[in-house]
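Trainee: can't give you the sequence, but here's the structure:
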């Protein structure tokens with residue numbers, strides 16, 4: 001950004017405080033670590049109101065431009081859009097400056113609208129202070145009037161000095177006849193076109209249908225033609241000749257819209273269906289992209305063949321890949337076969353991976369069998385096997401009987417690629433493969449084999465019958481193997497539903513390494529009927545309470561089953577504890593001089609897994625970004641650490657999910673769609689995707705994912721060290 005305003009006084013004061021804290025912690029680099037904090041970052045931090053100018057009063061180079069405000073920079077930015085395949089790319093309208101920038105630091109442009117007169121109107125919130133409260137230290141907040149400007153606000157009109165034309169601000173289109181409104185569909189003014197379109201839809205006046213048909217077929221302006229067609233669609237007046245004419249229109253935008261209009265007729269009108277199927281070679285990418293989306297409405301093999309033709313040369317293009325897969329829907333196996341029949345290269349594997357995932361999610365035995373056989377003939381079977389395994393995992397499939405799977409998986413296990421072998425074992429874990437289980441049982445206990453081979457074999461034992469594999473897994477757990485081997489055995493054992501598994505997992509608790517213990521606790525927590533076994537072990541002292549992670553304690557104490565929640569609170573929670581009182585008790589410890597080096601180590605050991613700094617944004621995060629935490633006072637940081645449930649950011653709310661088979665998951669929601677949610681937990685296992693159809697209960701916790709008790713683990717000096725490290729800046 002290129003603002004004209006200087007930083008507000010409170011920003012200057014905040015930067016001064018930050019600098020002082022940095023200098024305290026970095027005596028060897030005094031004054032060197034926080035340069036530039038007084039100035040805006042140079043990038044948008046509060047972008048608002050992105051609006052495309054559709055008017056005809058501005059000079060033509062402004063038509064179709066995007067105008068965006070930034071309330072922190074007191075400016076309006078202009079972007080010029082250009083086509084970039086099926087998407088767009090934007091570049092600055094002005095170089096080294098902004099379309100509009102104010103020297104008034106109260107100027108807060110929040111939204112835009114194109115007026116009837118063709119000018120651009122800007123709403124100005126006009127407030128003295130724009131900032132999220134948590135970014136302002138408490139001692140500075142005391143001197144800020146956050147209500148200053150609450151009774152103010154402005155609307156600006158931006159108009160050219162030499163307008164291309166002059167229009168009335170009050171055109172009174174409500175009194176225009178329907179015939180006059182149809183003519184306005186050809187206007188170069190976006191406001192007039194849009195308003196006329198809306199009024200015609202509202203009136204439902206069918207007397208203008210002939211006039212609209214003539215415009216749709218003959219008008220020289222493609223915008224007029226497409227608007228006329230959509231008004232006809234709103235009047236239920238589209239017919240095959242109109243749609244066919246539009247599908248063959250010389251303008252690509254018309255053909256793109258015509259495909260959307262053709263969707264209800266695909267499979268019903270032979271002429272329209274044939275015309276649409278013949279557009280796979282259209283020279284305009286956006287037309288082919290729309291075709292890939294629209295073909296999802298045609299439920300026959302011709303659609304799959306057309307989608308295969310579209311996907312062939314475009315597998316590396318993300319949007320085409322997603323469009324094709326969205327239309328494949330429930331016919332992923334047939335699409336795979338259509339692609340294979342064309343003997344096409346599956347590219348880098350991403351398309352094949354995602355297509356195979358859809359097959360796995362459906363988990364039809366016959367389709368999985370055909371896919372396993374077909375993958376032997378593709379260039380990159382690893383991608384397909386990995387995708388199939390992922391889909392089976394998302395659908396929570398286990399012991400699926402697939403004809404010929406033993407032979408197919410066996411062939412992949414003989415493949416010279418270790419990646420292919422690993423992916424094959426991942427699929428095997430979800431299937432019932434008695435012959436392969438015998439091999440896996442031998443490999444699992446063979447200390448002559450490489451670690452990775454043994455681990456995949458142990459995990460593959462999930463595909464066997466419990467009675468057959470249980471002795472093998474028990475042998476591994478009782479033989480003092482290294483922690484990774486133990487952990488894999490625990491994962492496989494936990495995958496079965498036998499009621500004795502909880503007790504079996506705890507039998508060798510004393511001999512487990514740290515990783516194995518973590519896996520045991522997770523296995524007991526993730527199945528509802530095992531939770532009482534875990535609580536009993538904790539009550540008897542068989543398992544140390546310190547072995548239960550903070551997030552797991554919170555989940556147990558907020559369980560929907562009242563007896564479980566009561567038992568958990570009795571184990572983990574001091575009923576007389578008062579976090580505010582604990583904060584007060586530690587207040588005097590703020591005088592203890594902290595050591596940033598020790599604080600960094602403590603932070604990395606106790607906090608970094610959840611609170612990664614902004615520079616690590618490519619990794620998943622389950623706690624707030626602490627990149628600007630050095631704006632906090634020692635008192636604020638003490639409260640956040642000792643009483644973390646005092647304030648929780650909504651996007652870091654901790655959820656507990658129970659599925660139909662009794663499995664339990666927890667974490668923050670990192671992604672959600674109408675069909676599934678993805679939880680990101682605090683463990684190293686990353687994210688877990690769950691189909692909404694499999695969910696029986698989903699509850700939000702009122703507790704922070706970092707609940708009470710961290711100060712005990714850190715100790716008083718450790719708490720001071722961590723606060724010193726945070727105040728020095730991550």
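Mentor: Looks like it came in fine. Note that the coordinates shown come from a computational prediction; the quantities given were computed from them, not determined experimentally. Numbers count the residues shown, from 1 in each chain.

Trainee: Can you get me the start-to-end distance on stretch 181-191?
Mentor: Using Cα to Cα, to the nearest Å, the end-to-end distance of stretch 181-191 comes out at 12 Å.

Trainee: Contacts for it next, please.
Mentor: Under the contact criterion Cβ atoms under 8 Å, 6 or more residues apart in numbering, stretch 181-191 has outside partners 53-57, 114-116, 118, 167, 173, 176, 192-193, 195-197, 199-200, 208, 211-212, 215, 219, 221, 223-224, 227-228, 231. Where you see a C-beta, it was placed from the backbone N, CA and C, and this is true even at glycine.

Trainee: which stretches of the stretch 601-730 of the chain form strands?
Mentor: 655-659, 664-672, 676-680, 687-691, 695-700 (DSSP state E, counting those that start in this stretch).

Trainee: Quick one: work out the angle between the longest one and strand 687-691.
Mentor: Pointing back at strand 664-672 there. 90 degrees (axes from the mean of the first three to the mean of the last three Cα atoms, to 10 degrees).

Trainee: Same list, the strands of the stretch 601-730 of the chain, but as JSON lines with mean neighbour count please.
Mentor: JSON lines is the format used below for those (neighbours: other Cβ atoms under 10 Å):
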{"stretch": "strand 655-659", "mean neighbour count": "19"}
{"stretch": "strand 664-672", "mean neighbour count": "18"}
{"stretch": "strand 676-680", "mean neighbour count": "19"}
{"stretch": "strand 687-691", "mean neighbour count": "17"}
{"stretch": "strand 695-700", "mean neighbour count": "14"}
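
Trainee: wait, which of these is closest to residue 44?
Mentor: Residue 44 lies closest to strand 664-672 among the strands of the stretch 601-730 of the chain, at 23.5 Å (Cβ to Cβ).

Trainee: From the recorded domain assignment, give the ranges for the chain.
Mentor: 9-158, 434-547, 579-654+701-728 (automatic domain parsing).

Trainee: Same list (these) but as a markdown table, adding mean neighbour count and mean pLDDT.
Mentor: Below are the domains of the chain laid out as a markdown table (neighbours: other Cβ atoms under 10 Å; pLDDT from 0 to 100):
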| stretch | mean neighbour count | mean pLDDT |
| --- | --- | --- |
| domain 9-158 | 16 | 85 |
| domain 434-547 | 18 | 84 |
| domain 579-654+701-728 | 17 | 70 |
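
Trainee: is it fair to say residue 436 lies in a helix?
Mentor: Yes. Counting by DSSP: H, G, I helix; E, B strand; the rest coil, residue 436 is part of a helix.

Trainee: Provide a list of residues in contact with it.
Mentor: Listed by Cβ under 8 Å, 6+ apart, the contact set of residue 436 reads 406, 409-410, 413, 428, 460, 463.

Trainee: ok, so of these, who is nearest residue 351?
Mentor: Residue 351 has its nearest neighbour among those in residue 409, at 22.7 Å by Cβ to Cβ.

Trainee: and the closest one, how many neighbours does it have?
Mentor: Burial of residue 409 is recorded as 23 neighbouring residues (other Cβ atoms under 10 Å).

Trainee: Confirm it sits in a helix?
Mentor: Yes. The assignment for residue 409 is a helix, going by three-state DSSP.

Trainee: thinking it is in contact with residue 375, fair?
Mentor: No. Between residue 409 and residue 375 there is no contact, the gap being 10.6 Å when judged by Cβ atoms under 8 Å.

Trainee: Out of the strands of the stretch 601-730 of the chain, which gets nearest to residue 103?
Mentor: Relative to residue 103, the nearest member of those by Cβ to Cβ is strand 664-672, separated by 41.8 Å.

Trainee: Adjacent strands (with direction) for that closest one?
Mentor: Sheet pairing for strand 664-672, assigned by DSSP bridges, gives strand 655-659 (antiparallel), strand 676-680 (antiparallel).

Trainee: now the domains of the chain as JSON lines including distance to residue 671?
Mentor: Formatted as JSON lines, those follow (distance: least, Cβ to Cβ, whole Å):
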{"stretch": "domain 9-158", "distance to residue 671": "21"}
{"stretch": "domain 434-547", "distance to residue 671": "20"}
{"stretch": "domain 579-654+701-728", "distance to residue 671": "10"}
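
Trainee: For residue 310, find the nearest of those.
Mentor: For residue 310, the closest of the domains of the chain is domain 9-158, at 11.7 Å, according to Cβ to Cβ.

Trainee: from the contacts of residue 436, which ones fall inside helices?
Mentor: By the criterion of DSSP state H, membership of the contacts of residue 436 in helices covers 406, 409-410, 413, 428, 460.

Trainee: circling back to that earlier point, show me the contacts of stretch 181-191 that map onto strands.
Mentor: Residues of the contacts of stretch 181-191 located in strands (DSSP state E): residue 114.

Trainee: Filter the contacts of stretch 181-191 down to the buried ones, PyMOL style.
Mentor: Command for PyMOL, covering only those of those found buried under the criterion 16 or more other Cβ atoms under 10 Å:
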select buried, resi 53+54+55+56+57+114+115+116+118+167+173+176+192+193+195+196+197+199+200+208+211+212+215+219+223+224+227+228+231
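
Trainee: and the contacts of stretch 181-191, which of them are in helices?
Mentor: In helices, defined here by DSSP H, the members of these are 192-193, 195-197, 199-200, 211-212, 215, 223-224, 227-228, 231.

Trainee: just to revisit the earlier point, relative to residue 285, tell me which of the strands paired with strand 664-672 wins on proximity.
Mentor: Closest of the strands paired with strand 664-672 to residue 285 is strand 676-680, at 29.4 Å (criterion: Cβ to Cβ).

Trainee: can you list the residues that contact that closest one?
Mentor: Here strand 676-680 makes contact (Cβ under 8 Å, 6+ apart) with 394, 620-622, 655, 657, 665-672, 686-692, 695, 698.

Trainee: make it 10 Å
Mentor: Strand 676-680 is contacted by residues 361, 394, 610, 620-622, 652, 654-657, 665-672, 686-695, 698 when judged by Cβ atoms under 10 Å, 6 or more residues apart in numbering.

Trainee: returning to that earlier point: sort the contacts of residue 436 by pLDDT and name the bottom one.
Mentor: Comparing pLDDT over those, residue 463 scores lowest. The value there is 72.

Trainee: so who does that one touch?
Mentor: Here residue 463 is in contact with 398-400, 405-406, 409, 425, 427-434, 436-437, 440, 469, 492, 495 (Cβ under 10 Å, 6+ apart).

Trainee: Recalculate using a threshold of 7 Å.
Mentor: 399, 428-429, 431-433, 436-437 (Cβ atoms under 7 Å, 6 or more residues apart in numbering).

Trainee: and if you look at residue 634?
Mentor: Residues in contact with residue 634 (Cβ under 7 Å, 6+ apart) are 590, 723, 727.

Trainee: any idea which of those residues is closest to residue 126?
Mentor: Closest approach to residue 126 among the contacts of residue 634 (Cβ to Cβ): residue 727, at 34.7 Å.

Trainee: quick one: the closest one and residue 599, what's the gap?
Mentor: Distance of residue 727 to residue 599, given as Cβ to Cβ, to the nearest Å: 9 Å.

Trainee: Equivalent analysis for residue 193, please.
Mentor: Taking Cβ to Cβ, one finds residue 193 at 62 Å from residue 599.

Trainee: Could you do residue 297 as well?
Mentor: As judged by Cβ to Cβ, residue 297 and residue 599 stand 59 Å apart.
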